[in-house]
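K.L.:
this one's structure only:
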């Protein structure tokens with residue numbers, strides 16, 4: 001019997017490893033491909049046409065990328081060029097969600113022509129900022145993977161900017177949060193099914209009176225064969241893996257450099273080193289990295305396994321953002337002890353002291369790290385219990401059950 005057709009609309013290229021958002025997109029496409037003929041539409045503006053990822057060509061019936069037209073989309077072109085050339089975003093000051101400012105009617109129309117199929121059984125929109133592409137296609141049913149409640153993340157970032165004395169930046173994030181709140185109120189009208197990453201996100205939407213019945217689509221990871229315990233020789237290595245262009249992760253690096261590491265120096269006499277792996281760290285944060293001798297920044301890492309193998313612990317020091325941290329799960333799947341903020345374990349079945357050590361202040365995080373540095377047995381116990389948690393509750397098979405076509409087709 002012929003499978004129903006599904007258009008998967010994503011701004012990121014789905015990938016087995018790399019950024020958390022790319023990993024979630026990859027796991028979702030894999031699960032959907034068991035029930036649908038999946039057509040992948042990549043929406044992120046690009047200055048040139050790139051070849052589609054080979055694995056996606058195998059999984060999907062088609063893969064389409066719509067490059068930016070610099071003559072018809074000057075805002076999108078400026079946005080991409082600014083990020084490529086300056087390492088900084090281009091932000092027009094219009095009162096719309098920031099990602100929507102790079103779009104044009106022409107770009108949305110060209111996406112339909114590029115895909116070549118005007119109608120699908122289901123359109124699956126990955127992240128709310130891709131919702132405008134619904135206008136280019138017809139579908140029997142539409143569904144949205146929120147993943148990260150955009151208004152919440154931006155309001156968190158506004159609070160952090162204000163606390164650091166960056167009032168202009170705080171106002172920009174607040175405007176973006178308000179714009180996304182207006183869009184989020186339209187969810188019942190736009191989508192038949194809405195997925196979120198955790199029960200905590202369902203509670204957020206319910207408190208705001210948004211009349212949707214979200215389903216939990218958890219982040220998942222495949223547990224690997226546990227690597228050997230790291231060598232006890234100095235220095236003790238602490239790993240942080242993230243996409244640094246994502247503002248909450250860039251803030252986390254600043255937090256490590258300016259607040260956590262100075263306090264860790266004061267509470268342990270053992271040598272330690274931080275390895276921060278990820279692309280896109282803004283220049284404004286790189287200068288703090290350059291002034292922190294214990295922290296090493298690595299980019300262009302194709303395989304994270306050796307980095308996890310060397311790590312005595314993994315830290316997730318994020319202070320903003322929504323959804324759940326797939327990188328926290330990835331660390332547990334590599335059988336490594338995790339130290340995290342409450343945001344770093346939000347929405348996960350992690351209990352502090354059993355599966356990870358959790359603290360929100362710089363002093364608390366430094367104390368947790370010192371505990372693992374001084375007690376390899378504590379680190380090993382946390383790692384083993386966290387590994388079992390991932391294998392039990394966050395295996396990829398969960399997604400196929402959640403994403404099966406809804407009753408009534410599609």
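P.N.:
Perfect, I can see it now. This structure is a prediction, so every number in the text was calculated from the model and none was measured.
K.L.:
Is residue 35 located within a helix, as I assumed?
P.N.:
No: per DSSP: H, G, I helix; E, B strand; the rest coil, residue 35 lies outside any helix segment and is coil.
K.L.:
Now for it: which residues touch it?
P.N.:
Going by CB atoms under 8 Å, 6 or more residues apart in numbering, residue 35 touches 3, 4, 400, 403, 404, 405. C-beta coordinates here come from the backbone N, C-alpha and C atoms, glycine included.
K.L.:
what would those look like in CSV with neighbour count and distance to residue 146?
P.N.:
Output for these, formatted as CSV (neighbours: other CB atoms under 10 Å; distance: CB to CB, whole Å):
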residue, neighbour count, distance to residue 146
3, 14, 25
4, 16, 22
400, 14, 20
403, 24, 14
404, 13, 19
405, 16, 20
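K.L.:
Adding distance to residue 387, write those out as CSV.
P.N.:
Shown next, in CSV, are these (distance: CB to CB, whole Å):
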residue, distance to residue 387
3, 35
4, 37
400, 22
403, 26
404, 28
405, 33
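K.L.:
Mind checking which of the residues you listed are in helices?
P.N.:
Using DSSP state H, the subset of those located in helices is residue 400.
K.L.:
Pass me the low-pLDDT residue ranges in the stretch 101-250 of the chain, would you?
P.N.:
Judged by pLDDT under 70, the stretch 101-250 of the chain has its weakly predicted residues at 101-102, 231-233.
K.L.:
Could you pull out the helices in it for me?
P.N.:
Using DSSP state H, counting those that start in this stretch, the helices assigned to the stretch 101-250 of the chain run over residues 105-115, 150-163, 167-184, 187-190, 199-207, 247-255.
K.L.:
which pair in the contacts of residue 35 spans the largest distance?
P.N.:
Using CB to CB, the contacts of residue 35 reach their maximum pairwise distance at 4 and 400, which is 14.9 Å.
K.L.:
From residue 33, how far out is residue 359?
P.N.:
Distance, residue 359 to residue 33, by CB to CB, to the nearest Å: 40 Å.
K.L.:
which outside residues touch stretch 354-366?
P.N.:
For stretch 354-366, the external contacting residues (CB under 8 Å, 6+ apart) are 255, 259-260, 263-264, 266-267, 315, 317, 319, 328, 332, 337-342, 344-345, 349-350, 352, 367-368, 371-372, 382, 385-386, 389.
K.L.:
Now go through these and say which are in strands.
P.N.:
If you go by DSSP state E, the contacts of stretch 354-366 have 315, 338, 339, 340 in strands.
K.L.:
quick one: which of these is nearest to residue 133?
P.N.:
Looking across the ones in strands among the contacts of stretch 354-366 and measuring by CB to CB, the closest to residue 133 is residue 340, at 34.2 Å.
K.L.:
do you know how far the closest one is from residue 112?
P.N.:
Going from residue 340 to residue 112 by CB to CB gives 42 Å.
K.L.:
These two: who's more crowded?
P.N.:
residue 340 (27 against 18; other CB atoms under 10 Å).
K.L.:
What is the burial count for residue 297?
P.N.:
The number of residues packed near residue 297 is 18, by other CB under 10 Å.
K.L.:
How about residue 212?
P.N.:
Residue 212, neighbours per other CB under 10 Å, totals 20.
K.L.:
Quick check: it touching residue 190?
P.N.:
No: counting by CB atoms under 8 Å, residue 212 stays clear of residue 190, with 9.7 Å between them.
K.L.:
The closest residue to residue 263 other than its chain neighbours and residue 324, how far apart?
P.N.:
In this structure, residue 263 finds its nearest non-sequential neighbour in residue 366, 3.8 Å apart by CB to CB, 6 or more residues apart in numbering. To residue 324, residue 366 is 25 Å away according to CB to CB.
K.L.:
Would you double-check that residue 357 falls in a strand?
P.N.:
Yes: using three-state DSSP, the assignment for residue 357 is a strand.
K.L.:
Enumerate the beta-bridge partners assigned to it.
P.N.:
On the basis of DSSP bridges, residue 357 is bridged to residue 339.
K.L.:
Without its sequence neighbours, what residue ends up closest to residue 211?
P.N.:
Of all residues not flanking residue 211 in the chain, residue 188 sits nearest, at 4.8 Å (CB to CB, 6+ apart).
K.L.:
got a list of what the one you found touches?
P.N.:
210, 211, 212.
K.L.:
do residue 116 as well
P.N.:
Residue 116 is in contact with 62, 64, counting by CB under 8 Å, 6+ apart.
K.L.:
tell me the mean pLDDT over stretch 321-338?
P.N.:
On average, the pLDDT along stretch 321-338 is 91.
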